[in-house]
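> Pasting the sequence and the predicted model now:
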2 protein chains.
Amino acid sequence: MYSAVMSTREALDTQAAPPGTPSPQGTPTTQERLLRSTQELLWERGYVGTSPKAILERAGVGQGSMYHHFAGKSALALAAIRRTAEGMKAVAEESLSAPGTAYERVEGYLLRERQVLRGCPVGRMTQDRDVVCSPELRQPLDEMFGWLRGRIAEVLAEGQRRGELAAGLDPSAVAATVAAVVQGGYVLARAADDSAPFDAAVQGALSLLAAQVTPAADSTA
Amino acid sequence: MYSAVMSTREALDTQAAPPGTPSPQGTPTTQERLLRSTQELLWERGYVGTSPKAILERAGVGQGSMYHHFAGKSALALAAIRRTAEGMKAVAEESLSAPGTAYERVEGYLLRERQVLRGCPVGRMTQDRDVVCSPELRQPLDEMFGWLRGRIAEVLAEGQRRGELAAGLDPSAVAATVAAVVQGGYVLARAADDSAPFDAAVQGALSLLAAQVTPAADSTA
DNA sequence: GTCTATAACTAGATAGAC
DNA sequence: GTCTATCTAGTTATAGAC
């Protein structure tokens, strides 16, 4: 799922590669290592819970390197959040642009393999005061979830045009419901320390959506 | 690790009010003020983001008072989380035990007035590593959400028995969906800094649930 | 570019006066 | 019971050597 999250800690390579670009071979640059460890730590501990020191230690670099490449904690977090949000979009698009009926594509999105107990690395950020209070840090979250709701709505609307889904369904509202079920599923699962509530929420949503599939288009009927 | 047990020292409290009870008139005890400010701060900033110092300042008491009444930050947080979770149960039960059809009761729960952009004070805690990693601190969240899913499932099952809802509906799964929509709605709304996505998610869920209402029981048909 | 040293500040808790 | 020091460790950043 998250290539950016692989904890590759090879020997230090001193130079090369244009900024922002991972080196083609297996040895990431210092900047790249800083970004990746920030992505991991933001996911695990959130913004307030992530200290520059922890980032440096995980990346295996000194203080100076971090402040050379980034202005500070928030600048590093911004870059990490942007990348995480982009990665999430790419993964979601994979399911939503797959072949099949609208129902099948939404089903694919909902049933995609997830590390449920770790939660959503993007949704996680919405619970961080410092993030939502900063327009810059919040922007990638807003963009990602706005895109997601729009994209699911497109899929549903397409299904309606094809006669697969009931005409009365509101694509935009149901898209928000689908996105919310995933985010809320993470919350329920983490509270229970068990992924079962997440799976139940998804199954419930799928069963409700399945009732919107028109008889003619329902291959299981 | 976490010996965040509720301090029994409160039993030795020489002041009037019985433990855990706010004094009847408008002047809350020191203990009560500490609890309330902790509840507020946990909601706003989460566990890691809340310092004892901030609690003291908001409560208007000194360091010594806090450590007299509570063993430390985690003990105070545990008491605050327990109370918040209990309050949430009471508020939800109000909607779910109201008169009306199963659909109407779930609708009442979903449309209940909420401070959407502030998020859920209980759900908020599931994003805090220190909370979910401590069995003691996580327990009230687990209990609250477990109760909520069970209670909604009861309402739905009752609706089925009364012939209001389709027999094919899985009460337990749909209950998880309903609870998840609320929690996920908060996430979408905070990302957008706008309560509209929350409302859309709720409307989508209600429209899908409405399709499960049997024609005979549908007063709007 | 990367490192270590250091500084100003906050977190979380303790000690002891009153 | 409540208060004001005080303490150790961690946070966030800057300075300057290599």
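Thanks, I have the structure now.
> Longest helix in chain A, by number of residues?
Ranked by residue count, the top helix of chain A under DSSP state H comes out as helix A:135-161.
> could you check whether whichever helix or strand comes after it is close to chain B?
Heading C-terminal from helix A:135-161, the first helix or strand you meet, by DSSP states H and E, is helix A:171-192. Yes - applying Cβ under 8 Å from any Cβ of the partner chain, one finds helix A:171-192 touching chain B at A:172-188, A:190-192. Bear in mind the C-beta positions are built from the backbone N, C-alpha and C, glycine included.
> re the thing from before, how far off helix A:171-192 does the longest helix of chain A point, in degrees?
Helix A:135-161 and helix A:171-192 are oriented at 120 degrees to each other (axes from the mean of the first three to the mean of the last three Cα atoms, to 10 degrees).
> What helices and strands are in contact with helix A:135-161?
For helix A:135-161, the contact count by 3 or more Cβ pairs under 8 Å, 6 or more residues apart in numbering or on different chains; DSSP states H and E identifies helix A:73-96, helix A:102-111, helix A:129-132, helix A:171-192, helix B:171-192, helix B:196-210 as packing neighbours.
> now do 6 Å
Packing partners of helix A:135-161 (3 or more Cβ pairs under 6 Å, 6 or more residues apart in numbering or on different chains; DSSP states H and E): helix A:73-96, helix A:102-111, helix A:171-192, helix B:171-192.
> Could you chop chain A up by domain?
According to automatic domain parsing, chain A is divided into the following domains: A:3-73, A:84-217.
> Just put these in a markdown table and tack on distance to B:Lys53 and mean pLDDT.
Output for the domains of chain A, formatted as a markdown table (distance: least, Cβ to Cβ, whole Å; pLDDT from 0 to 100):
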| stretch | distance to B:Lys53 | mean pLDDT |
| --- | --- | --- |
| domain A:3-73 | 15 | 77 |
| domain A:84-217 | 16 | 98 |
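> Could you list the residues of chain A in contact with chain B?
Residues of chain A lying near chain B by Cβ under 6 Å from any Cβ of the partner chain: A:45, A:48-49, A:123-124, A:126-127, A:129, A:132, A:141-142, A:145, A:173-174, A:176-177, A:180-181, A:183-185, A:187-188, A:190-192, A:197, A:200-201, A:203-205, A:208, A:211.
> Would you mind pulling the contact partners of stretch A:97-106?
Stretch A:97-106 is contacted by residues A:Leu96, A:Gly108, A:Val155, A:Leu156, A:Glu158, A:Gly159, A:Glu164, A:Leu165, A:Val213 when judged by Cβ atoms under 6 Å, 6 or more residues apart in numbering or on different chains.
> and that stretch, which residues are buried?
Buried residues in stretch A:97-106, defined by neighbour count with 16 or more other Cβ atoms under 10 Å in any protein chain shown: A:Thr101, A:Ala102, A:Tyr103, A:Glu104, A:Arg105, A:Val106.
> With distance to A:Thr29 added, can I get the residues you listed in a markdown table?
Below are the buried residues of stretch A:97-106 laid out as a markdown table (distance: Cβ to Cβ, whole Å):
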| residue | distance to A:Thr29 |
| --- | --- |
| A:Thr101 | 44 |
| A:Ala102 | 42 |
| A:Tyr103 | 44 |
| A:Glu104 | 41 |
| A:Arg105 | 37 |
| A:Val106 | 39 |
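> Of the residues you listed, which is the nearest to DNA strand C?
Within the set of those, A:Val106 lies nearest DNA strand C; the separation is 41.6 Å, counting by Cβ to the nearest atom of the strand.
> gap between A:Ser65 and DNA strand C?
Applying Cβ to the nearest atom of the strand, to the nearest Å, the value for A:Ser65 to DNA strand C is 4 Å.
> A:Arg45 is in contact with B:Arg129, isn't it?
Yes - the criterion here is Cβ atoms under 6 Å, and A:Arg45 meets it with B:Arg129 at 5.4 Å.
> one step back: would TSV of the helices and strands packed on helix A:135-161 with distance to DNA strand C be doable?
Output for the helices and strands packed on helix A:135-161, formatted as TSV (distance: least, Cβ to the nearest atom of the strand, whole Å):
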stretch	distance to DNA strand C
helix A:73-96	13
helix A:102-111	37
helix A:171-192	20
helix B:171-192	22
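> Serialize the ones you listed to JSON lines and add fields for distance to A:Leu41.
Compiled in JSON lines, these are given as follows (distance: least, Cβ to Cβ, whole Å):
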{"stretch": "helix A:73-96", "distance to A:Leu41": "9"}
{"stretch": "helix A:102-111", "distance to A:Leu41": "27"}
{"stretch": "helix A:171-192", "distance to A:Leu41": "18"}
{"stretch": "helix B:171-192", "distance to A:Leu41": "20"}
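> Tell me which residue is most central in chain A.
Compute the mean C-alpha point of chain A, and by Cα atoms, centre = their mean the closest residue is A:Met88, 3.6 Å away.
> Could you find the closest non-adjacent residue to A:Ser172?
Residue nearest to A:Ser172 in three dimensions, not counting chain neighbours: A:Ala153, with 4.7 Å by Cβ to Cβ, 6 or more residues apart in numbering or on different chains.
> what about the single nearest residue of chain A relative to DNA strand C, which helix or strand?
Distances between chain A and DNA strand C by Cβ to the nearest atom of the strand are smallest at A:Gly64, namely 1.4 Å. In this structure, A:Gly64 is located in helix A:63-69 according to DSSP H and E.
> which outside residues touch that helix?
A:Thr30, A:Gln31, A:Leu34, A:Leu56.
> could you check whether it is close to DNA strand D?
Yes - under the criterion of Cβ under 7 Å from any atom of the strand, helix A:63-69 makes contact with DNA strand D via A:Gln63, A:Gly64, A:Tyr67.
> What about those, which one has the most neighbours?
Each of these was scored by neighbours using other Cβ atoms under 10 Å in any protein chain shown; the highest score is A:Tyr67's, at 15 neighbours.
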